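Participant: Please work out how this folds:
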Amino acid sequence: MKKVIILGCPGCGKSIFSIKLQEKTGLPLIHLDNVWWNSDRTHVSREEFDKRLSDIICGDEWIIEGDYSRTYEVRIKACDTVLFLDFDVETCLEGIRERVGKNRPDIPWVEERLDPELVRDVENYHKEKRPVLLKLLDNYPDKQIHVFTDRKQAYDWLAEQA
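Facilitator: Below is the predicted model of the structure:
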């Protein structure tokens, strides 16, 4: 396990899980929100994001955390391990509620309020992005793919890692 992507609905805990995995493995950790967003809440162009992502995946080792469905396939092709935090909607809604007002290493600002657009993204994830991701994962039987349906399952797997 040298090139890992962590995917899942907003609020599922990808960032915290990735930090814990990085602590266990020592692999460099990249939060895609920090690649896309600037601290003033503007974002880079798609072209700049794609170039940055391309530079990252050319590396020998990494953990890339973030869903960014437009880039699923390029990241899946480049990785050896996919970790999909496939948690229920309520868990993810709770996750985005709990992070309001907190400093986070995965985004360059503090959310002062719950973003209605983010709530919609969470509510629609299972019918829009999840089926696309699961179908895509079927195309990569050569990858180590772990799908976790709750936090206990994910953290039990993490505890088993060297």
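Participant: for the residue nearest the centre of the chain, phi and psi?
Facilitator: Nearest to the centroid of the C-alpha atoms of the chain, with distances taken as Cα atoms, centre = their mean, sits Gly66, at 2.5 Å. The phi/psi pair for Gly66 (degrees, to the nearest 10) reads phi 150, psi 150.
Participant: Run through the residues that contact it.
Facilitator: Neighbouring residues of Gly66 by Cβ atoms under 8 Å, 6 or more residues apart in numbering: 6-7, 14, 31-33, 35-36, 106. Every residue, glycine included, has its C-beta placed from N, CA and C.
Participant: Would you mind measuring from it to Phe17?
Facilitator: Note on Gly66: its distance to Phe17, by Cβ to Cβ, to the nearest Å, is 12 Å.
Participant: tell me, what's touching those two both at once?
Facilitator: Common contacts of Gly66 and Phe17, defined by Cβ under 8 Å, 6+ apart, comprise Ile6.
Participant: quick one, helices of the chain?
Facilitator: Defined through DSSP state H, the helices belonging to the chain, from first to last, are 14-25, 32-36, 46-57, 72-78, 89-98, 116-138, 151-160.
Participant: can you put these in JSON lines and add mean neighbour count and mean pLDDT?
Facilitator: As requested, the helices of the chain are arranged in JSON lines below (neighbours: other Cβ atoms under 10 Å; pLDDT from 0 to 100):
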{"stretch": "helix 14-25", "mean neighbour count": "18", "mean pLDDT": "97"}
{"stretch": "helix 32-36", "mean neighbour count": "19", "mean pLDDT": "95"}
{"stretch": "helix 46-57", "mean neighbour count": "14", "mean pLDDT": "97"}
{"stretch": "helix 72-78", "mean neighbour count": "16", "mean pLDDT": "97"}
{"stretch": "helix 89-98", "mean neighbour count": "16", "mean pLDDT": "96"}
{"stretch": "helix 116-138", "mean neighbour count": "14", "mean pLDDT": "97"}
{"stretch": "helix 151-160", "mean neighbour count": "14", "mean pLDDT": "97"}
